[in-house]
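Novice: got a sequence here, can you build the structure:
(chains A and B)
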Amino acid sequence: MRSRRMLAAAFVAVGVQLLLGCPVPLPPMGYEESSRRNVPATRPDWIVEGTTSRADVLLRLGSPDGEAVDGSWMGYLSSKHEGGVAFVLIVGAGGGAVTVEGYVERRLVVWFDERGIVLKALFEEAQCPRAGLFVGEGIKSGPCMGFADLRGESSSSPPHRPPVSADVIATFADTIWVVPFFDLLTGSRPRDFAAYRGSVIVMADRLQASGKAIGGDARGELEIEFRYVTDIWRHTLGRVVTLVVVADRVEHGFSVVQPGVLGLADVEKTDQLIKTVEARLNRPARPR
Amino acid sequence: MRLRSVLLLLTAMLVASCATTPPPPAYGQPDLLGFLQDGRTTRADAYLKLGPPGREFENGRIASWRLDRDAGGYFLVSSGRTGWRGARYELVVIFGEDGVAQRHSLVEVRGIAE
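Specialist: Here you go, the predicted structure:
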C-alpha cells in the first residue's frame, strides 16, 4: 500500500515536472541588438523648453525611432534585457522552452513647435516582462513601449526617404515577417528577433513592410532597397515556405499567411512573393 | 621510432594551436569622415562622399547617415532597416541656407554600454 502511494507520488512528480519544465535561469544579456543605447537614465537636463531646437536634439541623440509626419514630435526608445527564466519542456519527440524575461524599456518623447523649438519632453522608464514559446519555431511577446499612444496626435511612423521609384509592383497582405530570420554567424535564431504581421509591398526598387508586432502592440516598419540586397533564399520547413532576403548582413524572413487568427501558411502566395522579388532582382532565390 | 612519432605529433599539435584564422576583411575606411568641416563642406560634397542620407529633417536642412566601425574605420550602413542592428553610430549634419555644413555630430547610438 505504502509502495503504491510512493509510486503514485513519483508519477505525479514526474508529470508535474514535465508540465512545468526544468527551470533554467537566463542571465542579463544587456541591450537588444536592435535597440539604441543612448536614451539616458533620466530626462536629459540639456533639453530646455523654449530654447532647445530639433537640431540640438538630433545632434545629441541621432534620428528618432518614431516621429510625427508633421514633425511635431520625435521619440526615442531603448530596451535592455535584465535576465529571466526558461522552462525547458519535453514536447513529443523533441523539446522546447517557455521563457519569461524581464526588460527595462525607456522612452523619451520630445514635442516641438512650428519653429522646431522644444515645447515639452517626456521621459518614461518601465519594467516590461516578455513571454516566449520556442517549439521548433519560436515566438515571443513584443515590447511594452512604442508610439501607438501618440498616433492620435499624428502618425507614429518615421517617414523614410521618398522612394526613387514609387511604382508598386505587388502588395501582399497578411504577411509575417521576422528580423533577423537567423543569426548569420551562429546559424541559430537570435534571442531578440522581432516578428510582425502586416503587409508587404514590392516596389520597383525596394521592398516595404509594415505591421503590428506579434504578441504586442508595437508597430514595425521595414524598408529594404534592392541595391543593398546581397542574397535571397527560398527557405522551406515542413509546409512553411519563407522568402529570406539578406541585406546589410541581416536576414529578413517573409511568409504570406492565410487571413484569420490561425495564420496558416499560404504557400502559393509566398511563392508569388518570391517570384516577384526574383524578377526585381533578376536572380533566383536559392533553395534552403 | 615511437619517440619520434610522439615528438612529431606533439610538434604538430603545438603548431596547430598557434595557427590563427585570418581576420575578416575590413569594410571601414580610416578617413571616411575626414572631409567634413563645418563652414566649408557643402551638401554636394557630403552626398558625393557618403551618398544620399538615410534620413532628412526640416526639408533637408538636417541630414543623417548611419555608420558602423571595424578595424579599418567607419563604413556606411543602410538606414532601411528595423532598429539599430548593425549601426552603432549616426552622423548628423546641419546645413545652412547656402548648403554649407554649419554643425555636425557623430552620435554614438549603440556605442554606450551602461
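
Novice: which secondary structure element of the chain has the lowest mean pLDDT?
Specialist: Unless you meant another one, I'm taking chain A. helix A:2-20 (a mean of 56; mean pLDDT, DSSP states H and E).

Novice: hmm, I had chain B in mind actually
Specialist: Per-SSE averages on chain B (mean pLDDT, DSSP H and E): minimum helix B:2-18, a mean of 74.

Novice: could I have the CA atoms of that helix written out in PDB?
Specialist: This file holds the C-alpha atoms of helix B:2-18, laid out as PDB (Å, rounded to 0.1, in the frame of the first residue of the first chain):
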ATOM      1  CA  ARG B   2      58.000   5.600 -31.300                       C
ATOM      2  CA  LEU B   3      59.600   8.600 -29.600                       C
ATOM      3  CA  ARG B   4      60.000  10.300 -32.900                       C
ATOM      4  CA  SER B   5      56.300   9.700 -33.700                       C
ATOM      5  CA  VAL B   6      55.300  11.200 -30.300                       C
ATOM      6  CA  LEU B   7      57.600  14.200 -30.900                       C
ATOM      7  CA  LEU B   8      56.200  14.700 -34.400                       C
ATOM      8  CA  LEU B   9      52.600  14.600 -33.000                       C
ATOM      9  CA  LEU B  10      53.500  17.000 -30.200                       C
ATOM     10  CA  THR B  11      55.100  19.400 -32.700                       C
ATOM     11  CA  ALA B  12      52.000  19.200 -34.900                       C
ATOM     12  CA  MET B  13      49.700  20.000 -32.000                       C
ATOM     13  CA  LEU B  14      51.800  22.900 -30.900                       C
ATOM     14  CA  VAL B  15      51.900  24.300 -34.400                       C
ATOM     15  CA  ALA B  16      48.200  23.800 -34.900                       C
ATOM     16  CA  SER B  17      47.400  25.600 -31.500                       C
ATOM     17  CA  CYS B  18      49.400  28.600 -32.700                       C
END
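
Novice: can you name the next helix or strand after that helix?
Specialist: Heading C-terminal from helix B:2-18, the first helix or strand you meet, by DSSP states H and E, is helix B:43-50.

Novice: next SSE downstream of that following helix?
Specialist: strand B:55-57.

Novice: helices or strands next to that following strand in the packing?
Specialist: Using 3 or more Cβ pairs under 8 Å, 6 or more residues apart in numbering or on different chains; DSSP states H and E, the elements in contact with strand B:55-57 are strand B:62-70. All C-beta spots, glycine's among them, are computed from the backbone N, C-alpha and C.

Novice: check the offset of the strand it packs on from the chain's centre.
Specialist: Mean-position distance between strand B:62-70 and its chain equals 8 Å (Cα atoms, centre = their mean, to the nearest Å).

Novice: wait, what's in contact with the residue nearest in space to the middle of chain A?
Specialist: Closest residue to the average C-alpha location of chain A: residue A:194 at 2.3 Å, with Cα atoms, centre = their mean. For residue A:194, the contact set (Cβ atoms under 8 Å, 6 or more residues apart in numbering or on different chains) comprises A:34, A:142, A:178-179, A:213, A:220, B:82-83.

Novice: let's have those residues in CSV, adding neighbour count.
Specialist: Rendered in CSV, the data for the contacts of residue A:194 read as follows (neighbours: other Cβ atoms under 10 Å in any protein chain shown):
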residue, neighbour count
A:34, 22
A:142, 22
A:178, 22
A:179, 24
A:213, 19
A:220, 23
B:82, 20
B:83, 22
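
Novice: and of those residues, the nearest to residue A:266?
Specialist: If you rank the contacts of residue A:194 by distance to residue A:266 using Cβ to Cβ, residue A:178 comes first, at 15.9 Å.

Novice: bridging residues for that closest one?
Specialist: residue A:195, residue A:253 (DSSP bridges).

Novice: so it touches residue A:253, yeah?
Specialist: Yes - Residue A:178 lies in contact with residue A:253 (Cβ atoms under 8 Å); the separation is 4.4 Å.

Novice: and the next element down the chain from the least confident helix or strand of chain A?
Specialist: strand A:22-26.

Novice: adjacent strands (with direction) for the next helix or strand after that next one?
Specialist: Later in the chain than strand A:22-26, the nearest helix or strand by DSSP H and E is strand A:30-31. Next to strand A:30-31 in the sheet, as set by DSSP bridges, lie strand A:73-91 (antiparallel).

Novice: quick check: buried residues in the partner strand?
Specialist: A:73-82, A:84, A:86, A:89 (16 or more other Cβ atoms under 10 Å in any protein chain shown).

Novice: how about stretch A:59-76?
Specialist: By neighbour count with 16+ other Cβ under 10 Å, stretch A:59-76 contains the buried residues A:59-68, A:71-76.

Novice: end-to-end on it?
Specialist: Using Cα to Cα, to the nearest Å, the end-to-end distance of stretch A:59-76 comes to 13 Å.

Novice: where's it relative to the chain centroid, distance-wise?
Specialist: The answer for stretch A:59-76 is 19 Å, by Cα atoms, centre = their mean.

Novice: now do the residue in chain A that chain B sits nearest to against residue A:81, distance only.
Specialist: In chain A, the residue that lies nearest chain B is residue A:34 (2.7 Å; Cβ to the nearest Cβ). For residue A:34, the distance to residue A:81 equals 12 Å [Cβ to Cβ, to the nearest Å].
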